[in-house]
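**Student:** With the sequence up front, the predicted model follows.
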Amino acid sequence: MVAAVGENVDGLHEGDRVVGLTRFGAYASHINVAPKYLRPFPNNWSFTEAAAYPVQVLLSIPRVDVCYLDAFLSAFTSHRIRNEQLV
C-alpha cells in the first residue's frame, strides 16, 4: 500500500493498493520504490494473492536473473489486469 508519494510522481496516490518489485528491503515495513516497479492490483485480490502474482510471472520466464529487474519488469507489465481478471 502506498504510504507516501514523491513530488514528481504521477499516477500513484497515498493509500493505493499496489504490487511491486524491489531488489532489497522487501521484508521491511516501508521501502522506497521507483514508480515504474509498481502496479495497482484489483480490489477483489487479497494482499497474499497480489504478492503471488509477480512470482507467477517470474516463474513463467525461463532463467531470469533477478538482478536484472528491468527484464522482469517488462514481462510483469506485459500482463494486463482488466475488469479484476488477468488478461
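**Tutor:** It's in.
**Student:** ok, and V19, which helix or strand is that part of?
**Tutor:** Following DSSP states H and E, one finds V19 within strand 18-20.
**Student:** Could you list every helix and strand that that strand packs against?
**Tutor:** When contacts are defined as 3 or more C-beta pairs under 8 Å, 6 or more residues apart in numbering; DSSP states H and E, strand 18-20 packs onto strand 38-40, helix 47-59. Heads up, the C-betas are built off the backbone N, CA and C, glycines and all.
**Student:** Report the mean per-residue pLDDT for the first one.
**Tutor:** Put plainly, it is strand 38-40. Mean per-residue pLDDT for strand 38-40: 87.
**Student:** Same check on the last one?
**Tutor:** For helix 47-59, mean pLDDT is 80.
**Student:** List the contacts of the closest residue to V18 other than its chain neighbours.
**Tutor:** Spatial nearest neighbour of V18, chain neighbours left out: L38 (4.4 Å); criterion: C-beta to C-beta, 6 or more residues apart in numbering. Neighbour list for L38: 2, 12, 18-20 [criterion: C-beta atoms under 8 Å, 6 or more residues apart in numbering].
**Student:** Need the worst-confidence member of those.
**Tutor:** G20 (83).
**Student:** Could you verify my assumption that it touches P40?
**Tutor:** No: G20 lies out of contact with P40 (C-beta atoms under 8 Å); the separation is 10.0 Å.
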